[in-house]
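> What follows is a predicted structure for the sequence shown.
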Amino acid sequence: SVPAAILSALSAAARGGVLFKGGGALETLAAVDTFAFDKTGTLTNGRAVVRRIITLDGDERRFLSLLAGLEAHSEHHIAAAIRREAAVRGIAPTNVIDVSSRPSAGIVGSDEFGPLWAGNPRLVKDMGASVDRAEFRELADTTQTVVYLGRGSTVLGAVSVADEARLSSAPALTALRNSGVRHIVMMTGDRRPVALRIGAELGLTPDEVHAEMLPEDKVRRVGELAAHGKVAFVGDGVNDAAALARADVGIAMGAAGSDVALQAADVALLSEDMKKLADARGLARRTAAIIR
Ligand code: ADP
Ligand code: MG
């Protein structure tokens, strides 16, 4: 039978918006010594905003209409930012069909004139396109996320999208370290300059920041970390269900988390407040001390 201390800890956690799938997850969380975090929508607030727009033909409205048409089909935080920008400017999204997402790269589809794509430098390369031209130079160095839009091997333009660290992230990482967590790493599909900027804001060193990862890279890295101790992976469920499943404790962020993420996870964090995560770890440790 489950010890009373665990049952009462599980219900205390639930009152604070942290749902454990069982007592085992609580006990494992107490033993975790490595925390791996997804970046976008997890350590950042996911309320990204479009900053710069660069079009090669100067037609920003047409550009945003095409881009928003593609992003209408994506659940990514970046896609939401682009849709909001188009909406604010009163620009209707182009009708795009045959859409498929390229995890950690972007999205592809077709309008009436043919195939279209939007995504990061990885997708640009996959499409046989190049962004090595003067107009895009400032974007290559920016510490914001960049989305390029193209048709075939022709790039039409790009936007930079800014997303900030949650205010609760840095104090939560400190609290985790104070509760015996030895390693904290960030894993992201975003470009390294963006990842390093967010990491620095959170007190992470460059070697604690892993960028330009595909979902399968995150799974592999979690497995490698798990060879050295218990690993928790914290993600928002966009492109990271497999990493959530691979970790000793998968923790899914946000009430808006996808069903897949919630299925893969051992813990659901209903609040967006990272402090709840540190609180849950503290509770798990105190409970483990009682039942030991
Ligand atoms: P993270 O690991 O930080 O949560 P993801 O792995 O979800 O980020 O995405 C990594 C990168 O892939 C994004 O930074 C973006 O450049 C690109 N990307 C993913 N989805 C889209 C999309 N719908 N539109 C444009 N770019 C995208
Ligand atoms: Mg994410």
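Yep, that arrived. Ligands and ions are numbered 1, 2, ... in the order given.

> Near residue 263, how many other residues are there?
By the criterion of other CB atoms under 10 Å, residue 263 has 14 neighbours. Where you see a C-beta, it was placed from the backbone N, CA and C, and this is true even at glycine.

> I'd say residue 232 and residue 32 touch.
Yes - if you go by CB atoms under 8 Å, residue 232 and residue 32 touch, sitting 4.5 Å apart.

> any residues in contact with both of these two?
Counting by CB atoms under 8 Å, 6 or more residues apart in numbering, the residues touching both residue 232 and residue 32 are 248, 249.

> Contacts only, for residue 48.
With CB under 8 Å, 6+ apart, residue 48 has these contacts: 40, 77, 78, 80, 81, 145, 161, 162, 163.

> Can you flag which of these belong to helices?
Using DSSP state H, the members of those that fall in helices are 77, 78, 80, 81.

> For the third one, grab the count of nearby residues.
With neighbours defined by other CB under 10 Å, the count for residue 80 comes to 17.

> how near is it to ligand 2?
For residue 80, the distance to ligand 2 (CB to the ion, to the nearest Å) stands at 12 Å.

> Need the pLDDT of the closest residue to that residue other than its chain neighbours.
Excluding the flanking residues, the one nearest residue 80 by CB to CB, 6 or more residues apart in numbering is residue 48, at 7.3 Å. Residue 48 carries a pLDDT value of 94.

> what do you get for the one 4 residues further on?
At residue 52 the predicted local distance difference test score is 95.

> what does the helix or strand harbouring it rub up against?
Element membership for residue 52 (DSSP states H and E) is strand 49-55. Residues from elsewhere that reach strand 49-55 (CB under 8 Å, 6+ apart): 60, 62-64, 81-82, 84-85, 135-136, 138-139, 142, 144, 156-163.

> which of the ones in helices among the contacts of residue 48 has the most neighbours?
Neighbour max across the ones in helices among the contacts of residue 48 (other CB under 10 Å) = residue 78, 27 neighbours.

> How about the contacts made by it?
Per CB under 8 Å, 6+ apart, neighbours of residue 78: 40, 48, 71, 145, 147, 161, 163.

> Let me know the closest of those to residue 236.
Nearest to residue 236 among the contacts of residue 78: residue 40, at 7.4 Å, using CB to CB.

> Next, the contact list for the spatially closest residue to the closest one that is not a sequence neighbour, please.
In this structure, residue 40 finds its nearest non-sequential neighbour in residue 77, 5.5 Å apart by CB to CB, 6+ apart. Residues in contact with residue 77 (CB under 8 Å, 6+ apart) are 40, 41, 46, 47, 48, 163, 238.

> ok, and the closest non-adjacent residue to residue 39?
Nearest in space to residue 39, with sequence neighbours left out and distances taken as CB to CB, 6+ apart, is residue 188 at 3.7 Å.

> All the helices of the stretch 1-150 of the chain, residue numbers only.
In the stretch 1-150 of the chain, the helices defined using DSSP state H, counting those that start in this stretch lie at 4-15, 23-31, 60-71, 77-88, 121-126, 137-141.

> that older thread, which one of the contacts of residue 48 sits closest to ligand 2?
residue 40 (4.0 Å; CB to the ion).

> okay, now the closest one: neighbour count?
Counted by other CB under 10 Å, the residues lying close to residue 40 total 27.

> check contacts around it.
By CB under 8 Å, 6+ apart, the contact set of residue 40 is 46, 48, 76, 77, 78, 145, 163, 188, 189, 190, 236, 238.

> Please determine how far it is located from residue 65.
Look at residue 40 and residue 65: by CB to CB, to the nearest Å, they are 24 Å apart.

> Equivalent analysis for residue 118, please.
Distance, residue 118 to residue 65, by CB to CB: 12 Å.

> Equivalent analysis for residue 177, please.
47 Å.

> before we move on, what about residue 262?
Residue 262 is 34 Å from residue 65, by CB to CB.

> from the stretch 151-292 of the chain, which residue is nearest to ligand 1?
Nearest residue of the stretch 151-292 of the chain to ligand 1 (CB to the nearest ligand atom) works out as residue 189 at 2.4 Å.

> Could you look up the SS state of that residue?
With DSSP: H, G, I helix; E, B strand; the rest coil as the basis, residue 189 sits in coil.

> and it, backbone torsions?
phi -80, psi -10 (degrees, to the nearest 10).
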